[in-house]
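Trainee: I'd like to go over a predicted model; first the sequence, then the structure.
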Amino acid sequence: ETGVTQTPRHLVMGMTNKKSLKCEQHLGHNAMYWYKQSAKKPLELMFVYSLEERVENNSVPSRFSPECPNSSHLFLHLHTLQPEGAALYLCASSQERSSGGSYEQYFGPGTRLTVT
Amino acid sequence: AQKVTQAQTEISVVEKEDVTLDCVYETRDTTYYLFWYKQPPSGELVFLIRRNSFDEQNEISGRYSWNFQKSTSSFNFTITASQVVDSAVYFCALSDLGNYGQNFVFGPGTRLSVLP
C-alpha cells in the first residue's frame, strides 16, 4: 500500500449505530488529520494529531471520537449520529517541521458516510 | 490568524479556454508555504504544488502555471487550454509557523467546470 488509505470507502449507518472509520498512512509522516466535507461546504478540520497527541479539536461534538494508536494509524469512532453527520470524511497526513509549520498534506480517498 | 480567500465560487469555461483561479492569503509570518490541491468528482484531494514564501519565481508544469506575488499576497493558478478532465474543485492552502495543528488552513475552494 502506498500513500494514505481509508476504509471503508462507503458506509451507511443508522442514527443509533456505532461505527469506526480507519485511516492508515504509509508516508512516514508525524501528523494526521480528520476533515469533514459536507455537500457544497468548505473543508472542516475536525481533529489533528501530531506525534500521536491530539493538538486540535475544533469544537467537534462528542459523538465523534478520534483515536491515534500510533503515527501511522488514525480512527474516527462514530455513534448516535444525526442526519447532518452525512458527509465525506477525509483523512490526511503531513510532516510537521521542527521549526514550525507543515509541509503539504496528503489525503486519503475518503469515506462517504450516509446516515439513515 | 492566517486566512485564505478564494473569491471565485464557481467558474465555467469552454474547453481550450485559459482560466485563472485566484487565491489571496493572510499571514503574519515571513516564512510560510502555499499549496494548491485538486478535488475531482471522485473526492480525493490531490496535491498539485507547494511554494516557499522566499521563492517568488513563477512555476510552470505542462498546462498548469502558478503566479506568486508577495506584494499582493496572491498565489494564482492558471490552466492553459483547459480540458474536460480539469473539471474539479480547486483549493488553495497556507501553512505558516503557527502551533502544531493550527498552522494549515484551506480556502473555500473554486469549482471549475470545463464544458466540451
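Mentor: Perfect, thanks for sending it. Since the model is a prediction, treat every value here as computed from it, not as a measurement.
Trainee: use CA for all of it now, contacts and neighbours both
Mentor: Fine.
Trainee: phi first, then psi, for residue 72.
Mentor: Since no chain was named, I'll use chain A. Here is the backbone geometry of A:Ser72 (degrees, to the nearest 10): phi -100, psi -10.
Trainee: nope, chain B please
Mentor: According to degrees, to the nearest 10, B:Thr72 has phi -110, psi 10.
Trainee: bridged to the nearest residue to it once chain neighbours are set aside, which residues?
Mentor: Spatial nearest neighbour of B:Thr72, excluding adjacent residues (CA to CA, 6 or more residues apart in numbering or on different chains): B:Val24 at 7.8 Å. Here B:Val24 sits in beta bridges with B:Thr5, B:Ser74, going by DSSP bridges.
Trainee: could you give the number of residues near B:Val24?
Mentor: 21 (other CA atoms under 10 Å in any protein chain shown).
Trainee: ok, it - contacts?
Mentor: Taking CA atoms under 8 Å, 6 or more residues apart in numbering or on different chains, we find B:Val24 in contact with B:Val4, B:Thr5, B:Gln6, B:Thr72, B:Ser73, B:Ser74, B:Phe75, B:Asn76.
Trainee: next, give me the two most distant ones among these.
Mentor: Farthest-apart pair in the contacts of B:Val24 is B:Gln6 and B:Thr72; separation 13.9 Å (CA to CA).
Trainee: okay, the two: which has more neighbours?
Mentor: Between B:Gln6 and B:Thr72, counted using other CA under 10 Å, the more crowded position is B:Gln6 (20 against 9).
Trainee: how much space separates the residue lying closest to that one once chain neighbours are set aside from chain A?
Mentor: Residue nearest to B:Gln6 in three dimensions, not counting chain neighbours: B:Cys23, with 4.9 Å by CA to CA, 6+ apart. Applying CA to the nearest CA, to the nearest Å, the value for B:Cys23 to chain A is 15 Å.
Trainee: what about chain A, which residue is the most distant from its middle?
Mentor: A:Ser99 (25.1 Å; CA atoms, centre = their mean).
Trainee: which of the helices or strands spans that one?
Mentor: Under the assignment given by DSSP states H and E, A:Ser99 is not contained in any helix or strand.
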